[in-house]
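Asks: Next one to model:
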Amino acid sequence: MKIITLKPHHLNLRQRHGRCATLVLTTLAVLSLGGCSYSPTFNLLGSYFPAWIICFAVATALTTVIHAVFTKTKLVLELWPLPIVYTCLISFLSCTLWIIFFN
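Replies: Numbers count the residues shown, from 1 in each chain. Now for the predicted structure:
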């Protein structure tokens, strides 16, 4: 049985990789949190609501209207799987409303 020992230069290389990884992760964390500095809110009946809640509510209402149109034109029979289709539609409409009104 052979025992492998680590030489000091291997430890130094591992320490350098660890420091480099820490620096990269810290930089990514700081850059990603830069977008959190501004939170658009507006006064609705005396209470401040985040804009994404309103975008989500409007997108849900629009998806309900689109579902009615899909049902009336019998296009709903071609869509599969419906939970995923409508979830994606709500997400798309919500992000689109956010970009149009708050960006």
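Asks: And the helix or strand hosting I54, what does it pack against?
Replies: Following DSSP states H and E, the helix or strand that holds I54 is helix 51-72. In terms of contacts (3 or more Cβ pairs under 8 Å, 6 or more residues apart in numbering; DSSP states H and E), helix 51-72 is packed against strand 41-44, helix 82-102. Quick note: C-beta positions are derived from backbone N, CA and C, even for glycine.
Asks: Comparing these, which comes out most buried?
Replies: Among the helices and strands packed on helix 51-72, helix 82-102 has the highest mean neighbour count (mean count of other Cβ atoms under 10 Å), at a mean of 14.
Asks: Quick one: mean pLDDT for whichever strand or helix holds G18?
Replies: G18 belongs to helix 8-33 when elements are defined using DSSP H and E. Per-residue pLDDT values across helix 8-33 average out to 73.
Asks: now do stretch 84-93
Replies: 97.
Asks: do the same with stretch 45-63
Replies: Per-residue confidence for stretch 45-63 averages out to 89 on the pLDDT scale.
Asks: And it, how far out from the chain middle?
Replies: Using Cα atoms, centre = their mean, to the nearest Å, the distance from the centre of stretch 45-63 to the centre of the chain it belongs to is 17 Å.
Asks: Give me the contact list for that stretch.
Replies: Defining contact as Cβ atoms under 8 Å, 6 or more residues apart in numbering, one finds that stretch 45-63 is touched by 39-42, 44, 86, 89-95, 97-98, 101-102.
Asks: on that earlier part again, now the helix holding I54 against helix 82-102, angle please.
Replies: Computed with axes from the mean of the first three to the mean of the last three Cα atoms, to 10 degrees, the direction of helix 51-72 lies at 130 degrees from that of helix 82-102.
Asks: related to what we said a few turns ago, want to throw the helices and strands packed on helix 51-72 into TSV with distance to I54?
Replies: Listed next are the helices and strands packed on helix 51-72 as TSV, based on distance: least, Cβ to Cβ, whole Å:
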stretch	distance to I54
strand 41-44	8
helix 82-102	8
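Asks: among these, which is nearest V24?
Replies: Closest to V24 of those, according to Cβ to Cβ: helix 82-102, at 28.7 Å.
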